[in-house]
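Peer 1: Pasting a predicted model and its sequence here:
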Amino acid sequence: MNLPLDTEYKIIGHDCLVDNYTSCENCSRVICNIATIEDTEGHKYSVGLDCAETLSGIHALDIRETKRLISRTRKLIKFIKKEAQTAFIRENTVWLYKYEINEWQSTWIYRLDINKYKLYRDINPFIKTIYASK
Ligand SMILES: [Zn+2]
């Protein structure tokens, strides 16, 4: 399947898969770095960055920004997989630490939204989780 060229697209999100792959909805090649794009009618597609770059409406700057976000997410995933020891959760925010803590401390390495954390937390079942008491 090739995406229609008579419409404009914009990048509305990104994803990177861990130990997993999917296929680009434009060229069918295997990808693990994904740009989520949307056309003018609201149809959404998951495509590789190489393909996204060729589509009308998407600019080099958008690609660069998406690459930056993906690279940041990859670092986060690596941290969760290899270094994170404790996750401290208060409402919708998660703080990650590289050692065990029993209460919130300012020495966190990552602070992120709970929904983003939920995407990747299963990578490492050994992370100790603490919920803030109100
Ligand atoms: Zn592609």
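Peer 2: Cool, the structure landed. Numbers count the residues shown, from 1 in each chain.

Peer 1: What lies in contact with whichever helix in the chain runs longest?
Peer 2: Longest helix of the chain, by residue count under DSSP state H: helix 60-82. Outside helix 60-82, the residues that touch it by C-beta atoms under 8 Å, 6 or more residues apart in numbering are 10-11, 14-16, 18, 33, 35, 49, 52-53, 96, 98, 109-110, 112, 120-121, 123-124, 127. C-beta: built from backbone N, CA, C; applies to glycine.

Peer 1: just stretch 120-130 next, same as before
Peer 2: Contacts of stretch 120-130 (C-beta under 8 Å, 6+ apart): 18, 76-77, 80-81, 84-89, 96, 100-103.

Peer 1: Show only the entries of the residues you listed found in strands.
Peer 2: Using DSSP state E, the subset of these located in strands is 86-89, 96.

Peer 1: Adding pLDDT, distance to residue 22 and neighbour count as columns, could you present those in TSV?
Peer 2: As requested, those are exported to TSV (pLDDT from 0 to 100; distance: C-beta to C-beta, whole Å; neighbours: other C-beta atoms under 10 Å):
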residue	pLDDT	distance to residue 22	neighbour count
86	98	31	18
87	98	27	23
88	98	32	21
89	98	29	15
96	98	26	21
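
Peer 1: excluding its backbone neighbours, what's nearest the most centrally placed residue in the chain?
Peer 2: Here the mean C-alpha position of the chain is nearest to the C-alpha of residue 15 (C-alpha atoms, centre = their mean), at a distance of 4.2 Å. Spatial nearest neighbour of residue 15, excluding adjacent residues (C-beta to C-beta, 6 or more residues apart in numbering): residue 34 at 4.5 Å.

Peer 1: What of residue 113?
Peer 2: Using C-beta to C-beta, 6+ apart, the nearest residue to residue 113 is residue 92, at 6.2 Å.

Peer 1: Cool, thanks, talk later.
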